[in-house]
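>>> Predicted structure and sequence below. I'll ask about it afterward.
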Amino acid sequence: MSRLLDVSEAVAAVARRWRASWADALVSEHLSHEPWVVEVALRPGERSGADHLRVPAERRRTWHDQWRELERTAPSGVGVIRAPVPLLGVLTPLPALLRVEGTQALDTFLGSHGGYDDFALDAARARRLLLDLTEHGGSANASALRSLVGLDDDDARVALDAVAWLAEHPDLSEHTPRSLPIPGAHAKWVDQHARRLLLLTGRDVLTETMHRPPVAHLTYVDPGYLATGGRRHDAWTAGDCHTLPYEPRLVLVVENRDCRLRLPPVDDAVVVEGGGRAAATLIAEIPWVRSAEKVVYWGDIDADGFAILDSLRAALREASPTAGPAHDVVSLLMDAVALERYRSRGVARDRRGRLLRPSSTPLRELTDAESAAYAQIATSGPADVRRIEQERIPVEDVVDALVACVARPDDETAVH
């Protein structure tokens, strides 16, 4: 049976197409200089004149009047294409398609017929930005245009200036991301907009610029060394020459700075501040980490903490040609027993009060006891605790667990 689309329904169909494809449409017109065309069938489902006549006469008259009026008032580029249909033996030209040719006509048509009621787009601004982008040497593509239109005018101007500056400077090797002298850009602008610049220029600025060497901050906690009055806090910088005042038998990797700074004296130990999954590679390339008798990781009992443990364990299980042989990583207070012991100190919301999300990331380096804890806090089902932050654990419990860790056999990979 025929379904007759009235003007409002056809406008909604055009608006849906425009909402989904406006950036592609503007880029296509800009590059090809050919108008972007949208066509909407006005009699979907109709196969014959008999189908048309099954529609109630009053409905047909209203429909005809609507489209006749639109034909009379339509802006340039908007038209109704008619097709002959046999009605009671007479070929009658009926509205068949609404055709909108060109994005400017489409913008005008939607603006005058309520097509922007639930979707706002300043198409004229988008065209100007696209023109500016190409004039500044940027990449004319839909993703770049969407990224640029999403900025306010001031940020868009900085982005365009960045595109122009990069076009004039093919070699960034003497700069860090924060030292690039892009007009109007603050020091952190490139770091914040690196993905946008990749869309706008096709260049990965972060890989083209000079990088700061990664640094691992550490604290000496051996009581014999501390009695000498030597420095307690230090840093290990990748690629630099560095000799520790003593070779640690125990290396404890933590995530929280407070935990590193407040740990009491522990024989032959060094505490390293990890810095997340990205730090696993750095720590795995430190020779005195691999030469220690025990490498212990202590992090939050949450999805991120277990993911970091998984990454560090995987990194150290591979021998390094420069740092030394493979090494196991023991976890500290990060299994199902610890989860139950400190459950009352856990939370289910982040610092902004938002519910912490579950995690479905498979972690293949965890032990059974660690996996049991991970399953409880990362479950997609209800969970009263999704995070126990390591600084909430009593420091005396940590020291006791470390002492037990040193006394345990090397093949045990979890201490609780």
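Structure's in. What do you need?
>>> what about residue 264, how many neighbours?
10 (other CB atoms under 10 Å). C-beta: built from backbone N, CA, C; applies to glycine.
>>> which phi and psi does it have?
Residue 264 adopts backbone torsions of phi -70, psi 170, taken as degrees, to the nearest 10.
>>> Use 290 as the first number for this chain going forward.
Happy to do that; since the first residue is 290 now, the last one works out to residue 553.
>>> you'd agree it is up against residue 684?
Yes. Counting by CB atoms under 8 Å, residue 684 is a contact partner of residue 553 at 6.7 Å.
>>> pretty sure residue 319 is touching residue 421, no?
No. Using CB under 8 Å, residue 319 is not in contact with residue 421; the gap is 11.5 Å.
>>> Identify the single longest helix in this structure, thanks.
helix 296-321 (DSSP state H).
>>> Give me the buried positions along that one.
Of the residues in helix 296-321, 296, 299-304, 306-307, 311-312, 314-319 count as buried by neighbour count, 16 or more other CB atoms under 10 Å.
>>> For that helix, name the packing helices and strands.
Where contact means 3 or more CB pairs under 8 Å, 6 or more residues apart in numbering; DSSP states H and E, helix 296-321 is packed against strand 326-330, helix 346-362, strand 379-390, helix 392-401, helix 412-424, helix 431-438.
>>> would you turn those into CSV with mean pLDDT and mean neighbour count?
As requested, the helices and strands packed on helix 296-321 are arranged in CSV below (pLDDT from 0 to 100; neighbours: other CB atoms under 10 Å):
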stretch, mean pLDDT, mean neighbour count
strand 326-330, 95, 17
helix 346-362, 92, 13
strand 379-390, 92, 17
helix 392-401, 92, 20
helix 412-424, 95, 17
helix 431-438, 95, 20
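>>> With distance to residue 489 added, can I get the ones you listed in TSV?
Listed next are the helices and strands packed on helix 296-321 as TSV, based on distance: least, CB to CB, whole Å:
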stretch	distance to residue 489
strand 326-330	27
helix 346-362	39
strand 379-390	29
helix 392-401	21
helix 412-424	7
helix 431-438	5
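>>> which residues does the residue lying closest to residue 398 once chain neighbours are set aside contact?
Leaving out its chain neighbours, the residue that sits closest to residue 398 by CB to CB, 6 or more residues apart in numbering is residue 367, at 4.9 Å. By CB atoms under 8 Å, 6 or more residues apart in numbering, the contact set of residue 367 is 359, 387-390, 394-395, 397-398.
>>> what about 7 Å?
Counting by CB atoms under 7 Å, 6 or more residues apart in numbering, residue 367 touches 389, 394, 398.
>>> correct me, but the last one touches residue 368?
No. Residue 398 is not in contact with residue 368 according to CB atoms under 7 Å; the separation is 10.5 Å.
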